Structures are given as structure tokens and as C-alpha cells.
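J.: only geometry, no sequence info:
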């Protein structure tokens, strides 16, 4: 059936990011808070990548994966936070459709890559604890780089079909995206078309990536728990647990938020709650991850001290 002139004029080519609808004073407070957190996040992750790069004793599979994970986290938060900060400060909330689709794609591709990295890092811990004698041969530097590359590419490819589908939809006025970034559910809500088939395909992709990687992580930790329980000494069990504790905390926070966000029908979504949860995985989690991974890691502490000593030598 051909469209009328009114229907043609109703097609939106830009969107308005609603963001946080609150008092101006509160917006400025949120800008100050989130900008400080963002600067600290980028600094912390850059420090991790730099430490692993310049310290030869950190050129190990675990730290190679950690450096790639930190780089991913820095990119992940950069996809959404700068635009959100600009909207909070200037109250300019318009975004072009191409920028919105690009944000959608990179957000979900980096999110899918994060799933893959957490699964790869769980495998690394499995080999270290369950097959320690074979660790040097099974997890070489080359192997870890290949696994890291696979996680990057896997995420970029997993998000591509949904991003292409989203970009082909027609969007109507009112063109308000009830979020602080171009998330999947708010975009679908603005569409003029029947999105049921695309939503089903997105659900299959989300479930496959999230539960597929989560299942692999649980398998790794099942074998790890069995191996740890076989250790005779309490000290040995404690050491093995400390080796995995950081990764387990990150996994718990990450999957707790994304399962809530993306493993559910879009018809039951409450965007106010979503904004709060999204702040956790877009702002808070990237902030605390380097702290969780590095705070109790003795090798990272030594690397920080060595790097500071090197900087002092260059200054003198």
C-alpha cells in the first residue's frame, strides 16, 4: 500500500536522546560525577595497557588478555559516555541516525567481545589451576594473542547482523529515544515497522552470545572447583581461590546486568530502571574492573613501582 504525504513526512532522520530528565542542578552534578569517573576509567585502563606493554615480566598470557580486556573496556565506555556528558552539559540531545546506528553497533560489538574475553580468561584460569604442568605449552604468548584476536573479531561479527537490520528500519516522530544512548529497545520502540522478526533474531543472537559464553565460563569453573577441592592444604586452596576471585567478581557484575537488560521481551521494559542499570555496566563497571584486577595482584604492584622508578630516572 503506498504511503501518504503525511506518512512520508513522518519519517525521522535524527533522534533526540532523552537522557536523564531532571533538574538542571542535578544534570550538572551528574556531569561532574560521570566526567570524573570517565577520566579515572580511561586513565586506569591506559595504565594497565602501558604496564603490560613496557614490563617484560608481564608478557604472560594472563596479562596479555588483561591488557586487551582493558583496551576493550576503555573503548566500550567511550562509545556512550562522551555523548552523555555533552548532553548533560550543553543540553544538546540531537543525534543523527548514522551516528546513532554506529553507536548501537560498537556498543553491542564491544559488549559481545567482552563476553568472549571473559570466557577466554576463564579458560586461562582453568588451564593454570587444573593443568599447571601443561600451562606453558597450552597457553603460550602466541596462543593468548590468537584467543584475544578471536574475541575481538567474534564480537565485531556477532553485532553486525542486528546493526544492519536496525539501519534499514524506518523511524517515525516523535523521535525520542528514552535512554542516554542508542540502545536496542528504545530504537525498536521508535520504529514505524513491524519489528517482531528482527526482535526474534536479536534475541537469538543475544542468547547465543551471552549464554554461550556464560556456559563456557561455568564449565571452566566447575573443573576449577573440583580441582581446588582436591588440594590438600588450606593455603593451597586459598591461593587458587585468590587466582580466580577477581575474574569471578567481574563475571558476576557483568552478567548480572546484561542478563537483566537483554534476556527479556522488549514489551516488558521499563526504561527508567534500564537507565540506572545501564549506568552500572557503561560507567561503574569499567571504572571498578581495573581496581578489582590490579588491587590484589602483586605482579601489577611491582610493575607500577618499576614504572615509577623509570619515570623518575628520566626526569632526573
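T.: On my side now, so go ahead. A quick note: this is a predicted structure, and the numbers were derived from the prediction, not measured. Numbers count the residues shown, from 1 in each chain.
J.: all contacts plus neighbour counts: C-alpha atoms, from now on.
T.: Fine.
J.: For the residue lying closest to residue 115 once chain neighbours are set aside, give me its contacts.
T.: Spatial nearest neighbour of residue 115, chain neighbours left out: residue 213 (6.0 Å); criterion: Cα to Cα, 6 or more residues apart in numbering. Residues in contact with residue 213 (Cα atoms under 8 Å, 6 or more residues apart in numbering) are 115-116, 118-119.
J.: Which PyMOL command selects the buried ones in those?
T.: Buried residues within these, by 16 or more other Cα atoms under 10 Å, are selected in PyMOL with:
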select buried, resi 115+116+118+119
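J.: re earlier: assign the residue nearest to residue 115 to helix, strand or coil.
T.: Using DSSP: H, G, I helix; E, B strand; the rest coil, the structure places residue 213 in helix.
J.: just residue 15 next, same as before
T.: Assigned with three-state DSSP, residue 15 falls in the strand class.
J.: okay, and for the stretch 151-300 of the chain, where does confidence drop off?
T.: Low-confidence regions of the stretch 151-300 of the chain, defined by pLDDT under 70, span residues 264-271, 295-296.
J.: residue boundaries of the helices in it?
T.: With helices called from DSSP state H, counting those that start in this stretch, the stretch 151-300 of the chain shows them at 160-168, 184-190, 196-229, 234-262, 271-279, 285-294, 298-315.
J.: so can I have a markdown table of those helices showing distance to residue 39?
T.: As requested, the helices of the stretch 151-300 of the chain are exported to a markdown table (distance: least, Cα to Cα, whole Å):
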| stretch | distance to residue 39 |
| --- | --- |
| helix 160-168 | 29 |
| helix 184-190 | 27 |
| helix 196-229 | 29 |
| helix 234-262 | 20 |
| helix 271-279 | 15 |
| helix 285-294 | 9 |
| helix 298-315 | 19 |
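J.: who does the helix or strand hosting residue 80 touch, helix- and strand-wise?
T.: Residue 80 belongs to helix 61-90 when elements are defined using DSSP states H and E. If you count contacts as 3 or more Cα pairs under 8 Å, 6 or more residues apart in numbering; DSSP states H and E, helix 61-90 packs onto helix 24-54, helix 97-130, helix 141-158, helix 285-294.
J.: and the angle for the longest one with helix 160-168?
T.: Read that as helix 97-130. On the basis of axes from the mean of the first three to the mean of the last three Cα atoms, to 10 degrees, helix 97-130 is oriented at 170 degrees to helix 160-168.
J.: Check the last one too.
T.: With the same axes, to 10 degrees as the basis, helix 285-294 and helix 160-168 are set at 160 degrees to each other.
J.: The helix holding residue 80: which residues count as buried?
T.: By neighbour count on 16+ other Cα under 10 Å, the buried set for helix 61-90 is 61-81, 83-85, 87-88.
J.: hang on, the earlier thing: most tightly surrounded among the helices and strands packed on helix 61-90?
T.: Among these, helix 97-130 has the highest mean neighbour count (mean count of other Cα atoms under 10 Å), at a mean of 22.
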